[in-house]
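A.B. asks: mind looking at a prediction? Sequence and model below.
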Amino acid sequence: MKTLPRHQALQKWQTYWADTKDEFFKVEAVQDYGGEDAQWSDSYKLWLNGDKNGAIKLLKNGSNEWSKQTSQKPVLKRRIRIAKEPYCPYLEWEIMHYKLVNIPYGDEQVYLVNYEDVAGESLLGDFMIFDNIKVVNSNYSEIGKMLNMDFYEENEDISEFLALKERLLLRAKLLTI
């Protein structure tokens, strides 16, 4: 496993994504990524200010770079969102984002898992599995800003991540639009 700082990690992540042929699987466990999204998302800013209709309108009128990228890649894309109830404002907005952007434009299957159902799991964090052979584990600050990423290459043991993937899928509920 190799840990890379944010600026280098994003470049390496792109090579993993480019090499993906069959499946991209992502788990999101941080409850509030506001440290990332508050900087660039006008929709999220409107949501936080109580203008949910304005936020939804912005989501409906556009998509983001990720959904454009993913829609052009014919691989199975599954995302599991681990969520604590009651949902914080960020999670409410993010679920709406999934329904209006990720699912229809990014061709993703998005699932929700209740945090209480999996709280005791090891490795419970943000990670991505590429074709069941490579893993990227993302590390975030307390305010939801990505700091660095751990990269597991094809020859490294990722069996714990694969086992957790299967356990999470057993508890997951498909989010529909």
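C.D. replies: Cool, the structure landed. Computed from a predicted structure; not experimentally measured.
A.B. asks: separation between S43 and V101?
C.D. replies: For S43, the distance to V101 under the criterion C-beta to C-beta, to the nearest Å works out to 9 Å. Bear in mind the C-beta positions are built from the backbone N, C-alpha and C, glycine included.
A.B. asks: joint contacts of those two?
C.D. replies: Residues touching both S43 and V101 comprise L59, with contact defined as C-beta atoms under 8 Å, 6 or more residues apart in numbering.
A.B. asks: could you pull up the residues touching V135?
C.D. replies: Taking C-beta under 8 Å, 6+ apart, we find V135 in contact with F127, M128, I129, D150, F151, Y152, I158, F161.
A.B. asks: recalculate using a threshold of 7 Å.
C.D. replies: Residues counted as contacts of V135 (C-beta atoms under 7 Å, 6 or more residues apart in numbering) are F127, M128, I129, Y152, I158, F161.
A.B. asks: before we move on, back to that, so S43 and V101 - more neighbours on which side?
C.D. replies: Each of S43 and V101 had its neighbours counted (other C-beta atoms under 10 Å), and the higher figure belongs to S43 (26 against 19).
A.B. asks: do you know the pLDDT at the more buried one?
C.D. replies: In the predicted model, S43 carries a pLDDT score of 91.
A.B. asks: A helix includes it, no?
C.D. replies: Yes. Note on S43: a helix contains this position according to DSSP: H, G, I helix; E, B strand; the rest coil.
A.B. asks: let the chain start at 40 from now.
C.D. replies: Will do, 40 is the new start, and the previous item becomes S82.
A.B. asks: is it true that it touches L98?
C.D. replies: Yes. Because the distance of 5.2 Å satisfies C-beta atoms under 7 Å, S82 is recorded as touching L98.
A.B. asks: give the bridge partners for the most centrally placed residue in the chain, please.
C.D. replies: The C-alpha lying nearest the average C-alpha coordinate of the chain belongs to E67 (C-alpha atoms, centre = their mean; 4.7 Å). Beta-bridge pairing for E67 (DSSP bridges): R120.
A.B. asks: how near is it to D165?
C.D. replies: 6 Å.
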